[in-house]
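Colleague: for reference, the sequence and a predicted model appear below.
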Amino acid sequence: MRPFEGRRVLLGVTGGIASYKTAWLARLLAQAGAEVDVVLTKSAREFIGAVTFEALTGRPVHTELVAEGHALDHIKLARAAALIVVAPATADFLSRAASGRSDDLLTACLLAADAPVLLVPAMNDRMWAHRQTVANVAHLRSLGYTVLDPEAGALASPQEGTGPGRMPEPERILAHVGRMLEARSALAGRKVLVTAGPTREALDPVRFLSNHSSGKMGVAIAAAAWRRGADVTLVAGPLAVAPPHDVRVVHVESTEQMRDAVRAELATADVVVMAAAPADFRPAAAVDHKIKKASRPDAIALENTDDILVTTRDARKKGAVMVGFALETDDVISHAREKLAAKALDLIVVNDARETGAGFGVDTNRVTILSPKAEPAVLPLLSKSDTADAILDRVQEILSGR
């Protein structure tokens, strides 16, 4: 899985109760294809055992700075690592790292490493707010380390409240690891607008017209664009999947709301990927009360909703890369070509709604990518994450040529 496959990640674990989350992070990294070298501090072993990480990563766990046959482990581990992650990073560890200590294997690895470093603090909220911790974090950042701010939430002791100090969830840490492992891309620093999910058009206060879109494809594109260094805004209808962490999300309900939200972002967007499936029709006249069975109408008059790409065309930033999606059931390629021209797109991504594994609500997709001049690129059945990367690879090629 990009960008983890075959990359060596040194995962340091210090002595905090949040270390139980780090076990899951190790599993996620290994599942993504990374080779994970775990280093446990002495205090970490009071909370979680080495055998747990060995089972989850399939690799030996390292614990001692000085041990027979392992005298140079800190050099070997540091040089092999593409990235060093310390999660949780306790207040004590932050202090020792900021002071340049090397009295255990993990701090020695930091001093011997040229690889980027991600520190993930977790501690009592008062300890996080203490001016000494604040100074230590500022110094570590000045050294070039990336320090992920802890989240607010329930802390270890019921008496501690819910202030900032909680270690972020492993999935969020994994996303930051991916961003740091990702090669420098044409999307770095660019503003990317992505739409995702369906819209809903009210019939009455409890019923609506919509479709089966889950939003998974748009969410995967937003996550991949953020991982590549973009500043991402996701305009989303109701989603069946959580939106990516660290991505700005604008929630909408109707096609009109999605259109207005898109228009508000277009002036600054360098890349626009319209992966949503907005409703094409709405009731011509919604009512303000629930329609009872006894008084149901014999027919419901429908009217077209606005085509978002067409009606917002005048608001596009000059030179922006425009990507549309088309879900078809008949004459798939010819209909997609018509939309490519009519909506003035750089790319259109089309798939067949009836194809197994490529429609709504699944984790895979099989798409064809069309552009005005090139031959269609027919992709095999891929995960939606891999499909997102294939689309963004082509977006980057266009950006690099402008």
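Modeller: The structure has been received and is ready for your questions. Computed from a prediction, not measured in an experiment: that's the story for all the values here.

Colleague: got the buried residues for the top helix by length along the chain?
Modeller: For the chain, the helix that runs over the most residues, judged by DSSP state H, is helix 384-400. Along helix 384-400, the positions that meet the burial threshold by neighbour count (16 or more other Cβ atoms under 10 Å) are 384-392, 394-396, 398-399. All C-beta atoms are positioned from the backbone trio N, CA, C, and that covers glycine.

Colleague: and that helix, what does it pack onto?
Modeller: Packed against helix 384-400, as judged by 3 or more Cβ pairs under 8 Å, 6 or more residues apart in numbering; DSSP states H and E, are the following elements: helix 216-227, strand 271-274, strand 321-328, strand 347-352, strand 364-365, strand 368-370.

Colleague: can you show me the CA trace of it as PDB?
Modeller: The C-alpha atoms that make up helix 384-400 are tabulated as PDB, following Å, rounded to 0.1, in the frame of the first residue of the first chain:
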ATOM      1  CA  LYS A 384     -10.600   2.700  -3.700                       C
ATOM      2  CA  SER A 385      -7.400   3.900  -2.100                       C
ATOM      3  CA  ASP A 386      -5.300   2.700  -5.000                       C
ATOM      4  CA  THR A 387      -7.800   4.100  -7.400                       C
ATOM      5  CA  ALA A 388      -7.500   7.400  -5.800                       C
ATOM      6  CA  ASP A 389      -3.700   7.300  -6.200                       C
ATOM      7  CA  ALA A 390      -4.000   6.400  -9.800                       C
ATOM      8  CA  ILE A 391      -6.300   9.400 -10.400                       C
ATOM      9  CA  LEU A 392      -4.100  11.800  -8.500                       C
ATOM     10  CA  ASP A 393      -1.000  10.600 -10.400                       C
ATOM     11  CA  ARG A 394      -2.700  11.800 -13.600                       C
ATOM     12  CA  VAL A 395      -3.700  15.100 -11.900                       C
ATOM     13  CA  GLN A 396      -0.100  15.700 -10.900                       C
ATOM     14  CA  GLU A 397       1.100  15.100 -14.500                       C
ATOM     15  CA  ILE A 398      -1.300  17.800 -15.600                       C
ATOM     16  CA  LEU A 399      -0.300  20.200 -12.900                       C
ATOM     17  CA  SER A 400       3.400  19.700 -13.600                       C
END
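
Colleague: what mean pLDDT does that helix get?
Modeller: If you average the pLDDT over helix 384-400, you get 96.

Colleague: what angle do that helix and strand 347-352 make?
Modeller: Using axes from the mean of the first three to the mean of the last three Cα atoms, to 10 degrees, one finds that helix 384-400 and strand 347-352 are set 160 degrees apart in direction.

Colleague: sorry, back to before: switch the buried residues of helix 384-400 over to a markdown table; also include distance to L181.
Modeller: Converted to a markdown table, those look like this (distance: Cβ to Cβ, whole Å):
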| residue | distance to L181 |
| --- | --- |
| K384 | 20 |
| S385 | 14 |
| D386 | 16 |
| T387 | 20 |
| A388 | 16 |
| D389 | 13 |
| A390 | 18 |
| I391 | 20 |
| L392 | 16 |
| R394 | 21 |
| V395 | 20 |
| Q396 | 17 |
| I398 | 24 |
| L399 | 21 |
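
Colleague: which among the residues you listed gets closest to R228?
Modeller: The shortest gap between R228 and any of the buried residues of helix 384-400 belongs to L392, at 6.6 Å (Cβ to Cβ).

Colleague: check contacts around the closest one.
Modeller: For L392, the set of contacting residues under the criterion of Cβ atoms under 8 Å, 6 or more residues apart in numbering consists of L187, I221, A224, A225, R228.

Colleague: quick one on the thing from earlier: out of the helices and strands packed on helix 384-400, which is closest to R172?
Modeller: Comparison of these against R172 by Cβ to Cβ identifies helix 216-227 as nearest, at 11.0 Å.

Colleague: now what about the closest one, what contacts it?
Modeller: The set of residues that contact helix 216-227 without belonging to it, under Cβ under 8 Å, 6+ apart, is 3, 175, 178-179, 182, 187, 192, 194-197, 232, 234, 236, 239-244, 246-247, 271, 273, 275-276, 325, 361-363, 365, 384-385, 387-389, 391-392.

Colleague: any chance of a PyMOL selection covering the buried ones in those?
Modeller: Paste this into PyMOL to select the buried members of these, with burial taken from 16+ other Cβ under 10 Å:
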select buried, resi 3+175+178+179+182+187+192+194+195+196+197+232+234+236+239+241+243+244+247+271+273+275+276+325+365+384+385+387+388+389+391+392
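
Colleague: circling back to that earlier point, CSV for the helices and strands packed on helix 384-400, including distance to S295 and mean pLDDT?
Modeller: Below are the helices and strands packed on helix 384-400 laid out as CSV (distance: least, Cβ to Cβ, whole Å; pLDDT from 0 to 100):
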stretch, distance to S295, mean pLDDT
helix 216-227, 38, 98
strand 271-274, 39, 98
strand 321-328, 35, 94
strand 347-352, 40, 94
strand 364-365, 43, 95
strand 368-370, 47, 96
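
Colleague: does M167 touch A122 like I think?
Modeller: Yes - shown here, M167 and A122 form a contact pair, counting by Cβ atoms under 8 Å, at 3.5 Å.

Colleague: which residues are common contacts for the two?
Modeller: G16, A18, A87, P88, P150.

Colleague: ok, these vs R8, which is closest?
Modeller: If you rank these by distance to R8 using Cβ to Cβ, A87 comes first, at 16.5 Å.

Colleague: assign the closest one to helix, strand or coil.
Modeller: Reduced to three states with DSSP: H, G, I helix; E, B strand; the rest coil, the structure at A87 is strand.

Colleague: can you tell me how far it is from S385?
Modeller: Between A87 and S385 the distance, using Cβ to Cβ, to the nearest Å, works out to 22 Å.

Colleague: okay if I get the helices and strands packed on helix 384-400 as TSV plus distance to I75?
Modeller: Below are the helices and strands packed on helix 384-400 laid out as TSV (distance: least, Cβ to Cβ, whole Å):
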stretch	distance to I75
helix 216-227	30
strand 271-274	42
strand 321-328	45
strand 347-352	47
strand 364-365	43
strand 368-370	46
